[in-house]
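In: Give me a model of this one.
(2 chains)
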Amino acid sequence: AQKVTQAQTEISVVEKEDVTLDCVYETRDTTYYLFWYKQPPSGELVFLIRRNSFDEQNEISGRYSWNFQKSTSSFNFTITASQVVDSAVYFCALSSGGSNYKLTFGKGTLLTVNP
Amino acid sequence: DTGVSQDPRHKITKRGQNVTFRCDPISEHNRLYWYRQTLGQGPEFLTYFQNEAQLEKSRLLSDRFSAERPKGSFSTLEIQRTEQGDSAMYLCASSFGHEQFFGPGTRLTVL
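Out: Numbering: from 1, shown residues only, chains lettered A, B, ... in the order given. Sure thing, here's the model as predicted:
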């Protein structure tokens, strides 16, 4: 069975601080995919990134960066110089390399960025 | 707008009534998913279609739930004899590859 754990339920920071959201996953599959989604107060899930299990390169996109480490089964997400607009619930998710790609989500981390 | 759309956005019903939700995926996305999200939780997988074929159903999907995707385009999710425990956000997503794109969801409240 697949499992995603986001141990941080809520994080509160002040604008311009850096913040890291943790994600730990469990799977028996050798091929799998990891995702981060953002859910702002409006409710719609917004896709942020996908990483493949065979590609451990870290990725940076503007103020966002992701650190994928297979050795610790972690896929952490860092926001640099946080902004109020970053306030949202962030979900880490996992799908197998099978044919249906259904997502298993963590419980999410509520990030509040205060001005 | 070419994103995933869902209708209605909100539904309030009385226990025991039937409800039906609709999802219109992104054009030409062959995969369509339904998820359910309750307060403070991540979305949970309900069912999956590839084109018009329903290929997987979660054990969460009791026999009161049925989903269809006629002609491989839009999809409907029906809940019969609703119960208070069915109150949740019902999310639809579509994809062509690995990334799933979500609609705004239908929030169901069962009184």
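In: Where do the strands of the chain begin and end?
Out: Chain wasn't specified; assuming chain A. A:3-5, A:10-14, A:19-21, A:24-26, A:32-39, A:46-52, A:59-61, A:64-69, A:74-79, A:88-96, A:104-105, A:109-114 (DSSP state E).
In: ah, I was thinking of chain B
Out: B:5-7, B:10-13, B:19-24, B:31-37, B:44-50, B:53-57, B:65-68, B:75-79, B:88-95, B:101-102, B:106-110.
In: same for the second one, what does it pack against?
Out: Right, strand B:10-13. strand B:19-24, strand B:106-110 (3 or more CB pairs under 8 Å, 6 or more residues apart in numbering or on different chains; DSSP states H and E). C-beta coordinates here come from the backbone N, C-alpha and C atoms, glycine included.
In: From chain B, how far off is A:Leu103?
Out: The gap separating A:Leu103 from chain B is 6 Å, by CB to the nearest CB, to the nearest Å.
In: That residue: neighbouring residues, count only.
Out: 26 (other CB atoms under 10 Å in any protein chain shown).
In: Could you double-check that B:Thr2 lies in contact with B:Ile26?
Out: Yes: using CB atoms under 8 Å, B:Thr2 makes contact with B:Ile26 at a distance of 6.1 Å.
In: where are the low-confidence patches of the chain?
Out: I'll assume chain A. A:99 (pLDDT under 70).
In: meant chain B actually
Out: Ranges of chain B meeting pLDDT under 70: B:1.
In: So for it, which residue is the most central one in space?
Out: B:Trp34 (3.8 Å; CA atoms, centre = their mean).
In: who's in contact with the closest residue to it other than its chain neighbours?
Out: Among residues not flanking B:Trp34 along the chain, B:Leu46 sits closest, at 4.3 Å (CB to CB, 6 or more residues apart in numbering or on different chains). The contact partners of B:Leu46, by CB atoms under 8 Å, 6 or more residues apart in numbering or on different chains, come to B:33-36, B:57-58, B:60-61, B:65, B:67, B:77, B:90.
In: Is there a quick PyMOL command that grabs whichever of those residues are buried?
Out: Buried residues within the contacts of B:Leu46, by 16 or more other CB atoms under 10 Å in any protein chain shown, are selected in PyMOL with:
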select buried, chain B and resi 33+34+35+36+58+61+65+67+77+90
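In: so of the strands of chain A, which one's packed in deepest?
Out: strand A:88-96 (a mean of 23; mean count of other CB atoms under 10 Å in any protein chain shown).
In: Who does that strand pair with, and is each partner parallel or antiparallel?
Out: strand A:32-39 (antiparallel), strand A:104-105 (antiparallel), strand A:109-114 (antiparallel) (DSSP bridges).
In: can you put those in CSV and add distance to B:Leu111?
Out: CSV is the format used below for the strands paired with strand A:88-96 (distance: least, CB to CB, whole Å):
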stretch, distance to B:Leu111
strand A:32-39, 26
strand A:104-105, 28
strand A:109-114, 28
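In: circling back to that earlier point, so the residue nearest to the centre of chain B sits against B:Thr47, correct?
Out: Yes: because the distance of 5.1 Å satisfies CB under 8 Å, B:Trp34 is recorded as touching B:Thr47.
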